[in-house]
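> generate a structure from the sequence data that follows.
(2 chains)
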Number of protein chains: 2
Amino acid sequence: MSTEPQITETVKERERQPLNIGRIHDLAEALLPVHSQIDQHTSISDPELNQKLIELMGILRDLHPADVANVLESLPQKERVIVWKLAEPEDDGNVLLEVSDAVRETLIDAMDKDELLAAVEDLDADDLAELAEDLPQHVVAEALQTRDEEERAQVQAALSYEDDQVGAIMDFELVSVRADVACEVVLRYLRRFEKLPDHTDKIFVVDEEDVLIGVLPIRKLLVSDPEETVENVMAKDVVRFRPTDDVEEAAQAFERYDLVTAPVIDENKKLIGRITIDDMVDVIREESEADMLNMAGLQEEEDLFAPVWDSVKNRWVWLAVNLCTAFVASRVIGAFEGSIAKIVALAALMPIVAGIGGNSGNQTITMIVRAMAMGQITGQQAGRLLNKEIGVALVNGLIWGGVMGVVSWLLYQSPGIGLVMVAAMTLNLLLAAAVGVMIPVLLDKAGRDPALGSSVLITAVTDSGGFLIFLGLATIFLL
Amino acid sequence: MSTEPQITETVKERERQPLNIGRIHDLAEALLPVHSQIDQHTSISDPELNQKLIELMGILRDLHPADVANVLESLPQKERVIVWKLAEPEDDGNVLLEVSDAVRETLIDAMDKDELLAAVEDLDADDLAELAEDLPQHVVAEALQTRDEEERAQVQAALSYEDDQVGAIMDFELVSVRADVACEVVLRYLRRFEKLPDHTDKIFVVDEEDVLIGVLPIRKLLVSDPEETVENVMAKDVVRFRPTDDVEEAAQAFERYDLVTAPVIDENKKLIGRITIDDMVDVIREESEADMLNMAGLQEEEDLFAPVWDSVKNRWVWLAVNLCTAFVASRVIGAFEGSIAKIVALAALMPIVAGIGGNSGNQTITMIVRAMAMGQITGQQAGRLLNKEIGVALVNGLIWGGVMGVVSWLLYQSPGIGLVMVAAMTLNLLLAAAVGVMIPVLLDKAGRDPALGSSVLITAVTDSGGFLIFLGLATIFLL
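Numbers count the residues shown, from 1 in each chain, chains lettered A, B, ... in the order given. You can find the predicted model right below:
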């Protein structure tokens, strides 16, 4: 049995209160005038404000670190610092782990070296590694000095992996046993621990070389005959990961196979750590948020109350891309200025053609991106999906193109304009379907994330394409 | 002790193989010509095809039901039925639970009554309830007859809640004990179970009225003194849910407090069930997918190979909304046809003004929707966020408006057009910021989901608004 029973818990357990975020906002705002005097240990001369200070401290002490993190993210900078100073210092490390990167920076800026050292003191090696890149270097160095050899090595190991690799979120606290002992012995062994690691739902079974040979689910251990050996009770078929595996793929495996914890092994199949469902849930949440933010053209999760200039920087890339594609579309229109001068109605109708293409293309691309994320699209299927999407586009083009064709005919008393409208809308929908299937497939073949930027790309194609098709047809048939 | 120890497992444990979806696609396609003869128990005359049939059956038997579901979702209708007929019948119920609603319908259509009854035979009450609305009524009725009184009541209870309520996904299998027994007795009691319920990480502690008074985490039970009573070991501070609670809020609590299971209590605080992390992970995944699909204008998760007409129906609502808003924008332009006839360059430049407003507005709205989902936005903050977003819009307007102003000036040799461009872009960005904050805040105050449709609404405002501002300013200053 390889692990020593000395695992401690970092989050203390306490009564949880429902979070009244509005009251905290009110109190923090009321304390703004005295924000420079605020401190855990001193009171404020104004008795009314002091009362509020005490109330705020009381509320914050009862909150779970995850709730404190949520409150901090919701506050403007100055109020945030007030709340941060009054929050339970014992939870500081866990709060820092929970907040978004942008807000973490503002919190670390508000702390001095001793506060930072105290905050990270009780963190596990993997958590310390997670914070390390945001902490001042000398704080990390000093924090490492208080750890033993083994833990320093663990922090270094965690730091050596990319953020999106299993090794970066791997947990080093685990319980392992040998296969040849009886279940009764395992139970006695467990009783020697002061506490078992979080989320322990299985015990890892290793041989004398620390090679993983199975897992013993606690659920099985509890119902099995105490005399039975671990070998006869353990599951040999184990979902296991390598530290270099992609965390998103690991999260999908957790989701698919309903896992709570899973072992991580090195290239020699030796057990080196484990990953847990709570980290996987964060990965799933962050992954879907990142998709949403990327689709909307935000580079990363933004501090709600970031300084204006920080927000400008977070958003400028996509605005610039958008401006470039809009400029191309504008030049397409410019090429047909002669036609527009003759039939001004074209200027009014052309955004309709471009708009429906963009909307429909985004529908197609979203469906395909989702199926790709689930690994459902293989080579020969792209062609068949293309056929289906072309069919959908044709039906939509004839229906909605027909409707808008009749409307424009009546509006401008010109059957020609009506017919050009039907044709242009149908063709732009077909273009949107074709490009909507091809963009994610090609991005994926090129080894890129099929989601990122595909919405901007499709809109660029359907805008410029829609203007070109509509104005081109009008120039040929109406002039 | 209230629960009888007779919980059985429905998913059998077996060796898991890496999923080779491409090979399954190839085999299913090869079997297409003989798809009508395909059956678990008969062989095919052509020896080569028979070989492929056997290979496909072999692959499918080794797959986890979640992987089979993924494969089924990825296939066109006919191949899907082939794979479905060849998949392990024992897993049918679990596969049906895993697939998307759209695909579930096509699978159920391919099964006869006896197959359906066999598929749902071993399902838990909550799972049967989940499938019930997709199954033919007489199958549900017959399936219920084979259950005992208690289970029938559980199915009815689960069916009485909305899909988005905790009661609909609540699990009835749980282990509860009294507070006054010793830990040793609990361990002996557990050993009487053949198997513990999935994900059991805690045992619920109830009084003689079945009122929940605490939980006994297995992790604590394993390390505590066997002589100690449950009362002294259990946690009294428990995150608990009501069956009418919103599942998304429950999922957030699981995420925030790192839960694996949690008890569900009725209005008298009696323990009636539990919810588990695997269901919560599905909720998180589905919630974020729904946001993504809604933002792209798809009503619901679509069968990748749905018949064209089904796809058209799934997409028409948002296309129609988009056409209406595009038509309004078109009429705004129509009102300025006189100006465009005089300065045709306006037609080429106006999509740039509208486009940047839409892009920037979507950035704002996405950030606010996300913060609202986390409960971070309270009354007085909307005003402060508005101020910040207005500031960002002003900076972006002056930078990007300035760039495009200079470009248009050079392009059209007209400083007037350049100045109108700067002014119009800045004003439309300000409009986008204001509306981007207001739309989700107002939707939320009206009790609506702030995400749904807000992207379409903001684009409608920034398109029509952008055309109006740009063409209006041009008409006033350039004509």
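
> give the residue spans of the stretch 151-300 of chain A that score low on pLDDT.
Low-confidence segments of the stretch 151-300 of chain A, defined by pLDDT under 70: A:295, A:300.

> which single residue of it ends up nearest chain B?
Nearest residue of the stretch 151-300 of chain A to chain B: A:Ser288, at 3.2 Å (C-beta to the nearest C-beta). All C-beta atoms are positioned from the backbone trio N, CA, C, and that covers glycine.

> A:Val95 looks like it's in a helix, true?
Yes - under DSSP: H, G, I helix; E, B strand; the rest coil, A:Val95 falls within a helix.

> and the gap between it and A:Leu53?
Plainly put, A:Val95 is 19 Å away from A:Leu53 if you go by C-beta to C-beta, to the nearest Å.

> and those two? Which one has more around it.
A:Val95 (26 against 23; other C-beta atoms under 10 Å in any protein chain shown).

> my guess is the more buried one contacts A:Ala87, does it?
Yes - using C-beta atoms under 8 Å, A:Val95 makes contact with A:Ala87 at a distance of 6.7 Å.

> how long is stretch A:166-186 end to end?
Using C-alpha to C-alpha, to the nearest Å, one end of stretch A:166-186 lies 28 Å from the other.

> thinking again about what came up before, which residues are in contact with both of A:Val95 and A:Ala87?
A:Val68 (C-beta atoms under 8 Å, 6 or more residues apart in numbering or on different chains).

> is chain B contacted by the host helix or strand of A:Arg104?
Using DSSP states H and E, A:Arg104 sits within helix A:101-109. No - judged by C-beta under 8 Å from any C-beta of the partner chain, helix A:101-109 stays clear of chain B, getting no closer than 10.8 Å.

> what sits up against the helix or strand just after that helix?
Where DSSP H and E defines the elements, the next helix or strand beyond helix A:101-109 is helix A:113-120. If you take C-beta under 8 Å, 6+ apart as the criterion, helix A:113-120 is touched by A:89, A:92-93, A:96, A:108, A:111, A:128, A:131, A:135-136, A:138-139, A:142-143.

> list buried residues within those.
Among the contacts of helix A:113-120, those buried by neighbour count (16 or more other C-beta atoms under 10 Å in any protein chain shown) are A:Asp92, A:Gly93, A:Leu96, A:Ile108, A:Met111, A:Leu128, A:Leu131, A:Leu135, A:Val139, A:Ala143.

> and these as TSV, adding pLDDT and distance to B:Leu49?
What follows is the buried ones among the contacts of helix A:113-120, written out as TSV (pLDDT from 0 to 100; distance: C-beta to C-beta, whole Å):
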residue	pLDDT	distance to B:Leu49
A:Asp92	93	66
A:Gly93	93	62
A:Leu96	95	61
A:Ile108	94	65
A:Met111	92	70
A:Leu128	93	59
A:Leu131	93	59
A:Leu135	94	63
A:Val139	92	67
A:Ala143	92	65
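
> returning to that earlier point: and the residue of the stretch 151-300 of chain A closest to chain B, that one's in a strand?
No - secondary structure of A:Ser288 (three-state DSSP): helix, not part of a strand.

> any idea how many residues pack against it?
Per other C-beta under 10 Å, the neighbour tally for A:Ser288 reads 18.

> same check on A:Ala290?
By other C-beta under 10 Å, 17 other residues sit near A:Ala290.

> residues touching the residue of the stretch 51-200 of chain A found nearest chain B, list them.
With C-beta to the nearest C-beta as the measure, A:Ser74 is the residue of the stretch 51-200 of chain A nearest to chain B, at 3.4 Å. By C-beta under 8 Å, 6+ apart, A:Ser74 lies in contact with A:Ile21, A:His25, A:Leu304, B:Ala371, B:Met374, B:Gly375, B:Gln376, B:Ile377, B:Thr378, B:Gln381.

> for the residues you listed, which one is nearest A:Leu187?
Ranked by distance to A:Leu187 (C-beta to C-beta), the contacts of A:Ser74 are led by B:Met374 at 41.7 Å.

> flag the shaky bits of the stretch 1-150 of chain A, pLDDT-wise.
A:1-18.

> helices of that one, residue ranges please.
For the stretch 1-150 of chain A, the helices defined by DSSP state H, counting those that start in this stretch cover A:21-30, A:47-61, A:65-73, A:77-86, A:92-98, A:101-109, A:113-120, A:125-132, A:137-145, A:149-159.

> elements contacting the shortest one?
Going back to what we said before, that points to helix A:92-98. Contacts defined by 3 or more C-beta pairs under 8 Å, 6 or more residues apart in numbering or on different chains; DSSP states H and E place helix A:92-98 against helix A:65-73, helix A:101-109, helix A:113-120, helix A:125-132.

> recalculate using a threshold of 10 Å.
helix A:65-73, helix A:77-86, helix A:101-109, helix A:113-120, helix A:125-132 (3 or more C-beta pairs under 10 Å, 6 or more residues apart in numbering or on different chains; DSSP states H and E).

> show me the two of the contacts of helix A:113-120 that sit farthest apart.
Counting by C-beta to C-beta, the most remote pair of the contacts of helix A:113-120 is A:Pro89 and A:His138, 20.5 Å apart.

> wait, A:Lys78 touches A:Leu32, no?
Yes - at 6.2 Å, A:Lys78 and A:Leu32 qualify as touching, with contact defined as C-beta atoms under 10 Å.

> chain B contacts on the stretch 51-200 of chain A?
A:64-67, A:69-76, A:98, A:175, A:186-187, A:189-200 (C-beta under 10 Å from any C-beta of the partner chain).

> buried among these? Need that as a selection in PyMOL.
Selection command for PyMOL covering only the buried members of these, criterion 16+ other C-beta under 10 Å:
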select buried, chain A and resi 64+65+66+67+69+70+71+72+73+74+75+76+98+175+186+189+190+193+195+196+197+198+199+200
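
> just the helices and strands packed on helix A:92-98: most buried one?
Across those, averaging neighbours per residue (mean count of other C-beta atoms under 10 Å in any protein chain shown) puts helix A:65-73 on top, at a mean of 24.

> what's the distance between that one and the middle of its chain?
From the chain centre to the centre of helix A:65-73 is a distance of 17 Å (C-alpha atoms, centre = their mean, to the nearest Å).

> can I get it in CSV, CA atoms only?
Taking C-alpha atoms only, helix A:65-73 is exported to CSV below (Å, rounded to 0.1, in the frame of the first residue of the first chain):
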residue,chain,number,x,y,z
PRO,A,65,-15.9,30.2,-1.6
ALA,A,66,-17.6,29.6,-4.9
ASP,A,67,-20.3,32.0,-3.9
VAL,A,68,-17.8,34.6,-2.7
ALA,A,69,-16.1,34.2,-6.2
ASN,A,70,-19.5,34.8,-7.8
VAL,A,71,-20.1,37.9,-5.7
LEU,A,72,-16.6,39.3,-6.5
GLU,A,73,-17.1,38.9,-10.2
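
> having no further points to raise, I will conclude here.
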